[in-house]
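Novice: Quick one: sequence plus predicted model below, questions after.
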Amino acid sequence: MVQFEPRLRRGILDGSITLAFRRWHRHQVVAGHQYRTGEGMVLAETVDIVRPSDITAADARAAGYPDVAALLADLRGEPELPVYRISFRPVDGPDPRDQLAATAALTQEDAAAIASRLARMDAASKKGPWTQAVLRQIAEQPGVVSTVLAEQIGWERPDYKLHVRRLKELGLTISLDVGYKISPRGAAYLAGSGGGPGAARQESAAR
């Protein structure tokens, strides 16, 4: 999906930027879908393939560049890749993940649904079961930089961050300026599954 760098996310949210241009092998944004920028939600209104020669000065200004040359110079990727033009507008309202994460009371059905999703994530991972260990790790070490957390379990940082993002999609973790913390929903799930803070240390001591 499109990466919302600080320049882009700020511009979209304050209305000064309404277009983004990307070189992709295939489109990674769907018109009519909402996306998270890191500072709010936006709606992708249109997604089109354009020729670089058809990009206008008005397009460049709408994308936050002084002219077309500056826009083209900033495009990443191989020159032969198609250029996508995406129009965005900000969407009012909270991030649905934030609302989900704030839910501290879980029904049996909620807990079973979370357990089922985590089990599927574990089964699909080439690293083997990982969800419980990472949830406990974050619960026990809030605010610890992801580099350190990744090293503790022998992972590369980008891979670790990708996996934690999947937990965040379920409302189980919250990203901080540095590191993460377990969400109220995540804490409720761990408490109900016997995996709250300290569980990992207790298992280690029992071995």
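Specialist: Yep, it's here.

Novice: Quick check: can you list the domain ranges of the protein?
Specialist: Domain segmentation of the chain under automatic domain parsing yields 6-93, 97-206.

Novice: and those domains, which one's lowest on average pLDDT?
Specialist: Least confident of those, judged by mean pLDDT, is domain 97-206 with a mean of 86.

Novice: distance between that domain and the chain's centre?
Specialist: Relative to its chain's centre, domain 97-206 lies at 15 Å (Cα atoms, centre = their mean, to the nearest Å).

Novice: quick revisit: with mean neighbour count added, can I get the domains of the chain in CSV?
Specialist: Backbone N, C-alpha and C define where each C-beta goes, glycine included. Formatted as CSV, those follow (neighbours: other Cβ atoms under 10 Å):
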stretch, mean neighbour count
domain 6-93, 15
domain 97-206, 16
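
Novice: partners of the strand or helix carrying R85, with directions?
Specialist: In this assignment (DSSP states H and E), R85 forms part of strand 83-91. When pairing is defined by DSSP bridges, strand 83-91 lines up against strand 19-23 (antiparallel), strand 41-50 (antiparallel).

Novice: Run the chain-centre distance for the very next helix or strand once past the shortest one.
Specialist: The C-terminal neighbour of strand 19-23 among helices and strands, as given by DSSP H and E, is strand 34-36. Averaging C-alpha coordinates over strand 34-36 and over its chain gives two centres that are 10 Å apart (Cα atoms, centre = their mean).

Novice: Helix or strand for the residue nearest in space to the middle of the chain, just tell me which one.
Specialist: With distances taken as Cα atoms, centre = their mean, the residue of the chain nearest its centroid is R165 (5.3 Å). Applying DSSP H and E as the criterion places R165 in helix 157-169.

Novice: what's next to the lengthiest helix in the chain, contact-wise?
Specialist: If you go by DSSP state H, the chain has its longest helix at helix 108-124. Residues outside helix 108-124 that contact it (Cβ atoms under 8 Å, 6 or more residues apart in numbering): 106, 128-132, 166, 170, 172, 189, 192-193.

Novice: Quick one: name whatever helix or strand follows that helix.
Specialist: Immediately after helix 108-124, counting by DSSP H and E, sits helix 131-140.

Novice: quick one: that following helix to helix 157-169, angle?
Specialist: Taking axes from the mean of the first three to the mean of the last three Cα atoms, to 10 degrees, one finds helix 131-140 and helix 157-169 inclined to each other by 90 degrees.

Novice: Can you check what angle separates helix 131-140 from helix 108-124?
Specialist: Computed by the same axes, to 10 degrees, the angle between helix 131-140 and helix 108-124 is 110 degrees.
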